[in-house]
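[1] Provided below are the primary sequence and the corresponding predicted coordinates.
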Amino acid sequence: MNAKDQGLAQRIEEVQHYYGATLNDKEDLATNVCTVDEPPSEAIKAILKKIHPEVQMRFYGCGAPFPPLLDGTTVLDLGCGGGRDCFILSNLVGEHGHVIGVDATAEQIEFAQRHIEYHREAFGYDRSNVQFLQGRIEALEQLNLAPESIDVIVSNCVINLSMAKSDVLKGMASLLKQGGEIYFSDIFADRRLAQELRDDQQIVGECIGDALYYEDFIRLARAAGFLDVRVVSSSLKAINNPEIEARLGGAKLYSMTLRLFKLALEDGCEDYGQAAVYQGNLPGAPDRFVLDQGHVFDAGRVVPICRNSADMLSGSRYRGLFEVIGEGRRHYGVFACGAEQVSSPGMAGASMAAQVPSNCGC
Ligand SMILES: C[S@@+](CC[C@H](N)C(=O)[O-])C[C@H]1O[C@@H](n2cnc3c(N)ncnc32)[C@H](O)[C@@H]1O
């Protein structure tokens, strides 16, 4: 085994120990990082009432990776833990959809599997639509899932734990269908963190030590073919542990939800004279559709958009929600981002992405 593989194997073992033995439930967490600060949406709140209380207690996520329009889709959850998000997704995809949860820790997978039947009954399904597989997110090809078979890949506070984030991205790219979406919540840092933090089992286990420096993540995503990463939400994370906070040396952590599409996009916003009109037909969202922090579409309003945004809206499962105007044959130069920005109270906030815009910096 070479040094890199040895390092990866050791990290997996440490993570398995942290999530399989050190933590029994969320009360054992040493910081506030693997927790969610925002209240759930009304739709998720209603589903949460049906989730088993022990599954809730084993939830260590930092966001809400539940994109809209999931009915009938196949969703893969990377680092599914005790299965809380998979069971929520089980309800969102409906009985004809399919949810696959992957986690490296045997105790987590066994725990999730023990709760499949409870949720099948709670949702009134004849057959469960969820399955849990033990595996590493850096080696998704070993799961025997068909290439280009997944509509949506989600993940909640996991990719930060991986020492081979580029392998994770490459695996996702190969499993996603054309036009498919990665929609994930994770912890990002505003700088590269010191090696001593990355070597500390507890600090890594708490989703801090190997948190992704946002700009490095953009670089990795581009190398894996995801040229335009969109920020859905971003908020400063309180750590709630003065000792660990002191060791961060002033670095700030953010909980962010990002979306990436498997589409042939460009690495910047170009103007092809296009515009989009949201039809107001997303169930539960008659007034507006949020693509990301800089792209909020009021129903019925004609909004000029760059070619990447046009491709996201017309080349993904969201295509039935929009009328995209313009064939995009003629180039008019760099897209003036301000033109498509619709200000939305509460969307700007203390956002790292707002301070350091990348890709489509709108
Ligand atoms: C912070 S917990 C989040 C779990 C789950 N997403 C949730 O929201 O409750 C991180 C999970 O990722 C899993 N994990 C960490 N590194 C992994 C890897 N390289 N491959 C697969 N799973 C991994 C751990 O076993 C643990 O269950």
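    Yes, it's here.
[2] ok, now which ones touch Val75?
    Counting by Cβ atoms under 8 Å, 6 or more residues apart in numbering, Val75 touches Leu89, Val93, Gly97, His98, Val99, Ile100, Ile150, Asp151, Val152, Ile153, Val154. Using the backbone N, CA and C atoms, a C-beta is placed for each residue, glycine as well.
[3] List the ones among these that fall in helices.
    Among those, DSSP state H puts Leu89, Val93 in helices.
[4] if I've got this straight, Ser185 is in a strand?
    Yes. Ser185: assigned to a strand according to DSSP: H, G, I helix; E, B strand; the rest coil.
[5] Near it, how many other residues are there?
    24 (other Cβ atoms under 10 Å).
[6] ok, and the closest non-adjacent residue to Cys157?
    Cys62 (4.1 Å; Cβ to Cβ, 6 or more residues apart in numbering).
[7] same question, Ala299
    Ala299 sits nearest to Gly280 (Cβ to Cβ, 6+ apart), 3.3 Å away.
[8] Over stretch 4-12, what's the mean pLDDT, rounded is fine.
    Here stretch 4-12 scores 88 as its mean pLDDT.
[9] ditto for stretch 282-293
    97.
[10] so how far is that stretch off the chain centroid?
    18 Å (Cα atoms, centre = their mean, to the nearest Å).
[11] Equivalent analysis for stretch 319-339, please.
    Per Cα atoms, centre = their mean, the centroid offset for stretch 319-339 relative to its chain is 26 Å.
[12] buried residues in it?
    Of all the residues in stretch 319-339, those buried under the rule 16 or more other Cβ atoms under 10 Å are Leu321, Phe322, Val324, Ile325, Gly328, Phe335, Cys337.
[13] any idea how far the last one lies from Asn308?
    Spelled out, that is Cys337. 11 Å (Cβ to Cβ, to the nearest Å).
[14] Please apply the same query to the second one.
    Note on Phe322: its distance to Asn308, by Cβ to Cβ, is 14 Å.
[15] who in the protein is up against the ligand?
    Contacts of the chain with the ligand, taken as Cβ under 6 Å from any ligand atom, map to 12, 15, 19, 34, 59-61, 79-82, 84-85, 103-105, 108, 136-138, 156-158, 161-162, 207.
[16] in the stretch 101-250 of the chain, which spans are strands?
    130-134, 150-156, 176-189, 212-213, 230-236 (DSSP state E, counting those that start in this stretch).
[17] With mean pLDDT added, can I get these in JSON lines?
    Output for these, formatted as JSON lines (pLDDT from 0 to 100):
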{"stretch": "strand 130-134", "mean pLDDT": "98"}
{"stretch": "strand 150-156", "mean pLDDT": "98"}
{"stretch": "strand 176-189", "mean pLDDT": "98"}
{"stretch": "strand 212-213", "mean pLDDT": "94"}
{"stretch": "strand 230-236", "mean pLDDT": "97"}
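[18] Which pLDDT value belongs to the residue in the stretch 251-362 of the chain positioned nearest to the ligand?
    In the stretch 251-362 of the chain, the residue that lies nearest the ligand is Ser255 (11.8 Å; Cβ to the nearest ligand atom). On the pLDDT scale, Ser255 is placed at 97.
[19] What is the burial count for it?
    Neighbour tally, Ser255, other Cβ under 10 Å: 25.
[20] could you measure Gly101 against Leu69, distance?
    20 Å.
[21] so what's Gly94 up against?
    Here Gly94 is in contact with Asp71, Gly72, Asn129 (criterion: Cβ under 8 Å, 6+ apart).
[22] again, only this time at 10 Å
    Residues near Gly94 by Cβ atoms under 10 Å, 6 or more residues apart in numbering: Leu70, Asp71, Gly72, Thr73, Phe123, Tyr125, Asn129.
[23] Same check on Gln56?
    Neighbour list for Gln56: Asp25, Lys26, Leu48, Gly82, Arg84, Phe87 [criterion: Cβ under 10 Å, 6+ apart].
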